[in-house]
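**Student:** I would like the atomic coordinates for the input below:
(2 chains)
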Amino acid sequence: MSAVGQSIPRREGPNKVSGAAKYNDDFSLPSLLHGALVTSERAHAGVFVDASAALAVPGVRAVVTGEDVDLLCGEVLNDRPPLARGKVRYYGEPLAIVIAHEERAALRGARKVRVSYRDLPVVNSVGEAVGKRATLIHEALGDYEVAQRPVAPEPGTNVADRARVRKGDAEAGFRLAEVTVEGTFSLPQVDHAAMETRSARAEILPDGRVVISAATQGPYEIQKLFARWFDLDPGQIIVNVPLVGGAFGGKAAVQLEVLAYIASRAVHGRPVRIANSREQDITSSPVGIGLEATAKLGAKRDGTLVAFELTAHVDAGAYADSAPRMARAIASECTGPYRVDHVKADVLVVYTNHTYVTAWRGFGHLQSTFVAERMLEKLARKLGRDPLDLREQNLLQPGDTTPTGVTLTRSQLGDPATCISELRRLLGWEEGDVVDEGQRVRSKGTALFWKTSTSDPNSISGAILTLNANGTVNVSTGAVEFGPGTKTTIAQIVADALNMDVGKVHVRMAVNTRSDPVHWKTVASMATYMIGRAVLNAAGEVARKLKEMATLTLRCPVEDLEIGDGRVYLRDDPSSYVEWKDIAHGYSYPDGDSVGGQVMGEGAFIMRHLTPLDPDTGRGRPGPAWTVGAQGVEIELDKRTHTYRLIRAATVLDAGRVVNPGGATGAVKGGMCMGLGYATREAIRYDAAGRPETDQFRTYKVMRFGEEPERYDTAFVETPQEDSAFGARAVGEHGVLAIPAAFANAVSRATGKDFDHLPITPEEIWKAAEGRA
Amino acid sequence: MIAEDFVYYRPDSLPEAARLFSELDHEGDNPLYYAGGTEILTSARLRDLGTRALIDLKGIPECRLCERCDGRLILGSCLTLAEIAALNPWPLLTETVGRLADHTTRRKITLGGNLAGSIHYREAALPFLLVDARARLYGPGGDRRTSFDKVFDGSLHLGRGEFLVHLEVAEADLDLPGACVKKTRLDWVDYPLLTVAAVRSENGYRVALSGLLDRPFRARGLEKALGNRNESALGHLKKALSTLPRGVLEDLHGSADYRLFVLGHTLEDILSRV
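**Tutor:** Down below sits the predicted model:
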């Protein structure tokens, strides 16, 4: 029976649910020291740090401040000092590390560090940042080194970068349009809220090795960046990652690892551990982008889309990190999965004195989808059209081009039309999409999403397979397991590629950069695709070697042989076989003479045909393929109190080929839950002085068990992605993408008002009803 | 992690608790009385509370009473909210405390702790504000009993070293028709946007509110306006709302205007229930 397509329970499940599973901060080392962070209590100020009192605290070994580290870090633009130097740019910015023999002493020391602030005007919103006479957050913007092209900072402003898409001629397009709708939108910054907070440990050994252990999605990224930043031999940098307790993009950022290394350096290489409290994880470590946007959509009276224009400002907070790449992603996919000949998008990356940002589930696509799908809804209302009909009419088809000029094939796009028809069925769309029940009104809102990976064009991955003496198979990859069941999916692909029982495939859960082959970083839902391809190569090599060994005893040419169920056998006579266990570690002749060796296979993969996007037009190929889907949310709104009940959330997603139905359904449901959280309650809020008011789960509200909709429905369409193992598309993050838009559409349809700002709380609905919005 | 050291004491009696407090206070340890610990522990994780001694009151039998005696219900200050709800001696109080925090936390939060807390909602006070409750206190000065109103005006005012032993309510008051409804910004588990407790006595309605202002209070102006039989129901409400003291909160849970809107329809619902 094929493993691909089975709902194999996740392999690490028993360890996780019993508490035996170990996460990064569960490990202890002899002579481990503890680093406590001192963080800024101002959003924007000159700072002077006096650590003298901290050094006097018993147990404190050293204190490191910004003055001790002359380095600027970054992902695209090197704009961020690991510890603030002379100036702080966000509340919670790390200022110093107090290193002590135990955590209590480090905390006591941290409380004794005296920081004097010289207040500067706080840039508390994107509007303030781009306004006239805005205070500059990065006066030296023009001097920053570019880490990864393309990026074009605008010195003398708070604009770190600008992504542009120019397709066709938007001005001409709007002249052709017979109907136009406009909108203004805002989405707040949000937190990743992973169950495990971030942590890192670093040790510098006398033999020259630098050993980092971290809760990270990007061990090889850490290796690469450390080599560059600290002028080290990458071969001497070893990064370990055990199981990770949720990530959502937040652990792709490299922050605590640098601090742990700097701390270790200050104590002669002794291992130092730094772990975020929940408050630090929300306020000091990077968060998800906020967005403000205006959009214009033009169409013919028959509903055909003609032109789309977007101007968006990304609230990147104090440092840019990967925001420029997210800005590109937003611009590239700004229209949604629809054919639009004329597109003009400008997405600015704006510095503010908010917590800085990094990747957050969807990498900007949740935000771009919100804008596109709310615009479509406005158009549907203006034209008096069924919202799903209007969407279906305008879907991209094979042969059409994306905003960045990629001509799509069926393999690259999938089948959004079937996603829509399946969604109609799941939602009971024909039974009524808005039903007035007197004091209550039930309403269904829908939205489509699409996403490609926005990978680096030279992203690589690999897999190494080795056989054990009993013929079972070990799998070594560089993908981190942070929850979607990636390792189990990989085991299923290996099992099918080698025609063997999935229970006999042992995938390494942890990652060690010295022994596991590089995987770009475990982001963008690309692990299944990249590692799947690498595994197919490696499995091919293993199969070939098994067959070659088998020819020694079966005395036949290699092409006569098949492998399966732990055997190599003659295709025309399966009773003639040799078992893997007899050849996996070499073959011994009856007289004891032995040949061969351990059967192993390696496979490498690199993204092909990807191109950076043209800085002026955005033309280029950002990813190998897209995943499309249709989502719906049904609510019941009380017209008197303006409160609502979540009845249902549904997703139909073109998965290409579902490798693990249980796993895929779980990932999609989790995404829908997260999307509902973003739509209804999650928001990082700052007071007038730029201090976060939502630094704990008391105030940063997430969906709780029991607050979810009465039902989640998930269905998969399978249009193979031809260049992926078994046709499987990326699915891990996508469940979140169109849910906020679908929810906003449901509320908008129920009330007849526009809900274009998140989160949508009962107060917002009341304000709209009262005309106070 | 709690970075500072402290000594934990667990007295068995009222006099021992008071004596410990005096001694430790005298030594400069800045002692704190400790019951559920939800506030002390969560605060101590984030900053140095300045205390070097915690005196746990949960071992004192008088603080753990839940019994009827001489026509009065006695509720010990160290009963947890979960215990009060499970024992259900006073349905209105059960309805009130059942919405505080979440179940896990209600197994720790105590009646006295909620009233003495620094977080301003103190919702457990609401039913006691609606009846003639009495309080027993103990401290270095000894044992005293007084009306609840004299020591609680939205927050607890006690002498140095004094702690709440129990609250008492007349049995007749337990049967007053009443209800307590909590409204939040959205989430089921959250601080209140506002919590409304009301009872109907033969003299009319009594209403107490938490979350509307920066302290729980008895809304006597509201009660008078509601009692006016010459007004229509809507008129009642509008006039009633205009009697509220200034200082309606405006914060991340909601605006002042929205709070008043929610109060309006919540009162309508409660008054039709009660």
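
**Student:** so where's the chain uncertain?
**Tutor:** Unless you meant another one, I'm taking chain A. A:773 (pLDDT under 70).

**Student:** switch to chain B, please.
**Tutor:** Low-confidence segments of chain B (pLDDT under 70): B:228-238.

**Student:** helices of that one, residue ranges please.
**Tutor:** Listed from the start of the chain, chain B has helices (DSSP state H) covering B:14-26, B:38-46, B:81-87, B:91-97, B:103-106, B:111-116, B:126-129, B:148-151, B:171-174, B:220-227, B:233-242, B:256-273.

**Student:** quick one, which of the ones you listed is nearest to A:Asp713?
**Tutor:** Closest approach to A:Asp713 among those (CB to CB): helix B:103-106, 29.6 Å. Glycine gets a C-beta too; all of them are placed from N, C-alpha and C.

**Student:** tell me which residues of stretch A:603-623 come out buried.
**Tutor:** A:Gly603, A:Phe605, A:Met607, A:Leu610, A:Leu613, A:Pro615, A:Gly618, A:Arg619, A:Gly620, A:Arg621, A:Pro622, A:Gly623 (16 or more other CB atoms under 10 Å in any protein chain shown).

**Student:** what about it, how long is it end to end?
**Tutor:** From its first residue to its last, stretch A:603-623 covers 21 Å (CA to CA, to the nearest Å).

**Student:** B:Lys182 contacts B:Pro192, correct?
**Tutor:** Yes. If you go by CB atoms under 8 Å, B:Lys182 and B:Pro192 touch, sitting 5.2 Å apart.

**Student:** which neighbours do the two have in common?
**Tutor:** Common contact partners of B:Lys182 and B:Pro192 (CB atoms under 8 Å, 6 or more residues apart in numbering or on different chains): B:Glu123.

**Student:** quick one, what contacts residue 12?
**Tutor:** Unless you meant another one, I'm taking chain A. Counted by CB under 8 Å, 6+ apart, A:Glu12 has contacts A:Ala21, A:Leu243, A:Glu481, A:Lys487, A:Thr488, A:Met509.

**Student:** I was after chain B.
**Tutor:** For B:Asp12, the contact set (CB under 8 Å, 6+ apart) comprises B:Gly59, B:Ile60.

**Student:** do the one 10 residues further on as well
**Tutor:** Shown in contact with B:Ser22 (CB under 8 Å, 6+ apart): B:Pro140, B:Gly161.

**Student:** for chain B, give me its nearest residue in the stretch 451-600 of chain A.
**Tutor:** Closest residue of the stretch 451-600 of chain A to chain B, CB to the nearest CB: A:Gly483 (23.6 Å).

**Student:** SS state for that residue?
**Tutor:** coil (DSSP: H, G, I helix; E, B strand; the rest coil).

**Student:** count the neighbours of the closest residue to it other than its chain neighbours for me.
**Tutor:** Excluding the flanking residues, the one nearest A:Gly483 by CB to CB, 6 or more residues apart in numbering or on different chains is A:Gly246, at 5.4 Å. For A:Gly246, the neighbour count with other CB atoms under 10 Å in any protein chain shown is 18.

**Student:** name the SS class of A:Gly246, please.
**Tutor:** Quick answer, by three-state DSSP: A:Gly246 is coil.

**Student:** ok, it - contacts?
**Tutor:** Shown in contact with A:Gly246 (CB under 8 Å, 6+ apart): A:His192, A:Ala194, A:Met195, A:Glu196, A:Phe482, A:Gly483.

**Student:** with A:Ser525 instead?
**Tutor:** A:Ser525 touches A:Ser453, A:Pro484, A:Thr627, A:Ala730, A:Val731, A:Gly732, A:Glu733, A:His734, counting by CB under 8 Å, 6+ apart.

**Student:** in the stretch 51-200 of chain B, which spans are strands?
**Tutor:** Under the criterion DSSP state E, counting those that start in this stretch, strands of the stretch 51-200 of chain B are mapped to B:53-56, B:66-69, B:72-76, B:134-139, B:142-147, B:163-170, B:178-183, B:194-201.

**Student:** then the stretch 601-750 of chain A?
**Tutor:** A:627-638, A:644-654, A:711-717.

**Student:** what angle sits between the second one and strand A:711-717?
**Tutor:** By that I understand strand A:644-654. Here the directions of strand A:644-654 and strand A:711-717 differ by 10 degrees (axes from the mean of the first three to the mean of the last three CA atoms, to 10 degrees).

**Student:** near chain B at all, strand A:644-654?
**Tutor:** No. Using CB under 8 Å from any CB of the partner chain, strand A:644-654 stays clear of chain B, coming no nearer than 9.0 Å.

**Student:** partner strands of that strand and their direction?
**Tutor:** strand A:627-638 (antiparallel), strand A:711-717 (parallel) (DSSP bridges).

**Student:** buried stuff in it?
**Tutor:** The neighbour-count check on strand A:644-654 (16+ other CB under 10 Å) flags A:Tyr644, A:Leu646, A:Ile647, A:Arg648, A:Ala649, A:Ala650, A:Thr651, A:Val652, A:Leu653, A:Asp654 as buried.
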